[in-house]
Each structure stands twice: as structure tokens, then as C-alpha cells.
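Novice: sequence first, then the predicted structure:
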Amino acid sequence: MPARAVSACRWLAAGSGVARITRRQDFLAANAGVRVPMPDFILLVKPNGLAVTRVGFTVSRRVGNAVVRNRARRRLREAARLVMPEHAVEGADHVFIARHQQTEPEFGDLLQLTKKALGKARTRLARAQPA
């Protein structure tokens, strides 16, 4: 990918080493990677060929009205900010797709699910790549 792809990203948090995915084509490309379904979200992970780890969030209208969607996005973004620096797959794009839930999970449970999903993605990517 060109160097422009990295500059088109915002950083998730200052000093975290994790950039945000902002372009639609990068979200679509992540769909070809590993898919890890969890009860509250789906995680897509695909190596990006860059030296930077990137993350993106998407919440469709099926999740709820604007207030519910924004809350879901904020919770996923904060969970990723806390968990990604230690558990992210290096040099990969991570896309979190929020799922509609009748009840909102506790934030601690969301953190545990995020760690579990990233671990599964790392294992599946290692298994998919030839040794």
C-alpha cells in the first residue's frame, strides 16, 4: 500500500501506536480477512502490509437509533483503546462491527470479549499463513 494510506489515518490514542481506519476501501478490504464473531460484535482482521496497526469501527442502523449507535461506537472505541496496544495483531487492520443486543453488556465483559476475539484472530491468522 502507498504511504498515503498511513497518512489518511487518525491515531486511536496519542502514543498508542494504533491508527484509525478512515477510508471506505480499507473497511471493504478487511472483509476478506479473518472473521471472529462474538456476542456483541464481529471482529475482522486482515494483514495490511504496513508497519502500523489500524482499527476501524462500524455500527449499522439495525443496531438502533443515533443515540444507541453512538453509545455502542464509543464503548467499542474505548475497549479497543485499552486492549489493542497489548493484544492487537501487529501490521493488521482490525474492524469492529457492532451487533444489536437487547441488553448492554458490562464494560468489563466487553473488555474480556475484545481480548478473547483478538486472541482468536491471532490464532486463526497464524494457522492460515504457511509456515
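Specialist: On my side now, so go ahead. Numbering: from 1, shown residues only.
Novice: CA atoms for contacts and neighbours, from now on please.
Specialist: Will do.
Novice: which stretches of this structure aren't confidently modelled?
Specialist: Along the chain, the model assigns pLDDT under 70 to residues 1-16, 130-131.
Novice: if we go to 50?
Specialist: For the chain, residues meeting the criterion pLDDT under 50 lie at 1-9.
Novice: and the helices in it?
Specialist: Using DSSP state H, the helices of the chain run over 3-7, 24-30, 66-87, 107-128.
Novice: mind checking which of those helices is nearest Asp40?
Specialist: helix 107-128 (7.9 Å; C-alpha to C-alpha).
Novice: how about that closest one as PDB, C-alpha atoms only?
Specialist: The C-alpha coordinates for helix 107-128 follow below in PDB (Å, rounded to 0.1, in the frame of the first residue of the first chain):
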ATOM      1  CA  PHE A 107     -17.800  -2.800  30.200                       C
ATOM      2  CA  GLY A 108     -15.600  -5.400  32.000                       C
ATOM      3  CA  ASP A 109     -17.300  -8.100  30.000                       C
ATOM      4  CA  LEU A 110     -16.800  -6.100  26.800                       C
ATOM      5  CA  LEU A 111     -13.000  -5.800  27.600                       C
ATOM      6  CA  GLN A 112     -12.800  -9.600  28.100                       C
ATOM      7  CA  LEU A 113     -14.600 -10.300  24.900                       C
ATOM      8  CA  THR A 114     -12.300  -7.900  23.000                       C
ATOM      9  CA  LYS A 115      -9.200  -9.700  24.400                       C
ATOM     10  CA  LYS A 116     -10.700 -13.100  23.500                       C
ATOM     11  CA  ALA A 117     -11.600 -12.000  20.000                       C
ATOM     12  CA  LEU A 118      -8.100 -10.600  19.300                       C
ATOM     13  CA  GLY A 119      -6.500 -13.800  20.600                       C
ATOM     14  CA  LYS A 120      -8.700 -15.900  18.300                       C
ATOM     15  CA  ALA A 121      -7.900 -13.700  15.400                       C
ATOM     16  CA  ARG A 122      -4.200 -14.000  16.100                       C
ATOM     17  CA  THR A 123      -4.500 -17.800  16.200                       C
ATOM     18  CA  ARG A 124      -6.600 -18.000  13.000                       C
ATOM     19  CA  LEU A 125      -4.200 -15.800  11.100                       C
ATOM     20  CA  ALA A 126      -1.200 -17.900  12.200                       C
ATOM     21  CA  ARG A 127      -2.900 -21.000  11.200                       C
ATOM     22  CA  ALA A 128      -3.900 -19.500   7.800                       C
END
